[in-house]
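**Q** missing the sequence, but the structure's below:
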């Protein structure tokens, strides 16, 4: 089980994340560009760090660790190769996207192929915005459910009834405890990102990146 200090650190981080969302809500409410692309005022290294921090999501470390454990360290090349496409995006396409004055890559479709491609832009927006994102979020939250159970030291079949100390034969006994906590974290994240837009996402990503890198280095030294 988590020690009181561990719980305090987690709660403290959630408070900081939520406060950051509220802090940047004024900047994000100025215009559509302020909300979605931070007014196009962020330096490249901040945006790049945020993109890298995104790869520290709950699913990626578990997936890569599984690949390496099963087939060896060479499996890292599966995601190391993304460095090539990422470099092309940063040093070649990013400048062109900025010149196009667009907010999303779906918008680029209609700009490139003309008004007749509006249906393609809509189809791409629906596919990635609804179906693809639903799959990705399900993947990430499933990983988070597993991580919470292990970190908290709960039994694999821990239910909400077990967590609250109520009789296990009630309706709460059929609800996984980790899933409930993940749902709560999801709601909290949606609230602060909806209030602050990309500003809040960037701010929390920067802090998460620093914490994740420091934690990774400490873990590597301890493991060695």
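**A** Looks like it arrived, so ask away. This structure is a prediction, so every number in the text was calculated from the model and none was measured. Residues are numbered from 1 along each chain as shown.
**Q** buried ones in the helix or strand hosting residue 17?
**A** Assigned by DSSP states H and E, residue 17 belongs to helix 4-23. Neighbour-count burial for helix 4-23, with 16 or more other Cβ atoms under 10 Å as criterion, is recorded at 17-18, 20-21. Just so you know, the C-beta spots here come from the backbone N, C-alpha and C atoms, and that holds for glycine as well.
**Q** okay, those residues in a markdown table with pLDDT and distance to residue 87 next?
**A** Putting the buried residues of helix 4-23 into a markdown table (pLDDT from 0 to 100; distance: Cβ to Cβ, whole Å) gives the following:
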| residue | pLDDT | distance to residue 87 |
| --- | --- | --- |
| 17 | 77 | 30 |
| 18 | 80 | 35 |
| 20 | 76 | 29 |
| 21 | 75 | 31 |
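**Q** going by distance to residue 167, which of the residues you listed wins?
**A** In terms of Cβ to Cβ, no member of the buried residues of helix 4-23 lies closer to residue 167 than residue 18, at 33.8 Å.
**Q** what's the nearest residue to that closest one if we skip its chain neighbours?
**A** In space, and not counting its chain neighbours, residue 18 is closest to residue 192: 5.1 Å by Cβ to Cβ, 6 or more residues apart in numbering.
**Q** what's the distance between the one you found and residue 122?
**A** 29 Å (Cβ to Cβ, to the nearest Å).
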